[in-house]
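Asks: Sequence first, predicted model second:
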Amino acid sequence: MGADHRCKVDRVVAAHDLADADPRHGSIDEGLLARWRGDGGHEAVGYRTLATWFNRRLLRQACRDAGRATPASRLEYEYEALTGEDDLAREEVSERLRADGVDVDALRSAFVSWGTLRTHLLDCLGGEKPPQEAGDWERDSIEVARSVAREKVENALSSIGTKGDLAGVDRTAVSVQVQLQCTECPTQAPLDIALDRGYVCADHHVEGNL
């Protein structure tokens, strides 16, 4: 396939020397497929999660090319800042990266969307994924929502800590719990527990429904 006809993922991999960026699987394409399918000890993940994983690898490689040491925790924060909605955090991180020799504009332009990654997996790699069992997609959607909420809270807390409004932010962990409440009484239950036992409230649940 000619270079002009390669998908964006292939072009980014070639331009940023990412082909061997996943030594566990031999190549980044094999790593993408393994994570998507849930092979090799991985838990199967969706396109959005994979796009984030790929883009973080790209950010790490860009930092390495610039001779910039970036711990995993810092890398995660900087990626979220670059792709998030907080303009101030994005500009602060961009300035730091530019000062360290990273071409931030080219980097952000190279980030791939989940739709682009989906096309790469299905069309370029010919990937196939076993159908999920009933109920899997609902739980996945809930987990994605919790992950997004957690990341937004972590980003906001980081900004609050920087302003000095809350001490010890860098030594805290954010946990997001979905709480369900019975509409007939004040009884509440965490979603995970409700799913395990099949109902929220023992007094008012209907068989087959939460």
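Replies: Nice, I can see it.

Asks: residues touching the nearest residue to Leu97 once chain neighbours are set aside, list them.
Replies: Of all residues not flanking Leu97 in the chain, Val104 sits nearest, at 5.0 Å (C-beta to C-beta, 6 or more residues apart in numbering). From N, CA and C alone the C-beta is placed, and that goes for glycine too. If you count contacts by C-beta atoms under 8 Å, 6 or more residues apart in numbering, Val104 has them with 82, 94, 97-98.

Asks: just curious, which of those residues is nearest to Arg139?
Replies: Leu82 (29.2 Å; C-beta to C-beta).

Asks: Now that the closest one has come up, it's in contact with Ala110, right?
Replies: No: applying C-beta atoms under 8 Å, one finds Leu82 not in contact with Ala110, separated by 11.4 Å.

Asks: any weak-confidence spans in this protein?
Replies: Low-confidence segments of the chain (pLDDT under 70): 1-5, 131-137, 196, 205-210.

Asks: those strands in the chain, which residues are they?
Replies: 179-181, 188-190 (DSSP state E).

Asks: And the last one, what does it pack against?
Replies: The one in question is strand 188-190. For strand 188-190, the packing partners by 3 or more C-beta pairs under 8 Å, 6 or more residues apart in numbering; DSSP states H and E come out as strand 179-181.

Asks: do the same with the first one
Replies: Applying 3+ C-beta pairs under 8 Å, 6+ apart, we find strand 179-181 packed against strand 188-190, helix 191-197.

Asks: And the helices in the chain, which stretches?
Replies: 8-15, 28-37, 47-65, 72-83, 87-99, 104-110, 114-119, 136-163, 191-197 (DSSP state H).

Asks: got CSV for those helices, with distance to Ala173 too?
Replies: Converted to CSV, those look like this (distance: least, C-beta to C-beta, whole Å):
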stretch, distance to Ala173
helix 8-15, 32
helix 28-37, 24
helix 47-65, 19
helix 72-83, 12
helix 87-99, 19
helix 104-110, 28
helix 114-119, 26
helix 136-163, 9
helix 191-197, 18
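
Asks: circling back to that earlier point, just the buried residues of the contacts of Val104.
Replies: For these, a neighbour count by 16 or more other C-beta atoms under 10 Å gives the buried set as 82, 94, 97.

Asks: dump the residue contacts of the nearest residue to Val169 once chain neighbours are set aside.
Replies: Closest residue in space to Val169, ignoring its immediate chain neighbours: Gly161 at 3.1 Å, by C-beta to C-beta, 6+ apart. By C-beta under 8 Å, 6+ apart, the contact set of Gly161 is 167-170.

Asks: Report the separation between Gly161 and Glu151.
Replies: 16 Å (C-beta to C-beta, to the nearest Å).

Asks: count of neighbours near Asp22?
Replies: Counted with other C-beta atoms under 10 Å, the neighbours of Asp22 add up to 19.

Asks: I'd like to know how far it sits from Ile28.
Replies: Going from Asp22 to Ile28 by C-beta to C-beta gives 5 Å.

Asks: what residues are shared contacts of those two?
Replies: Arg57.
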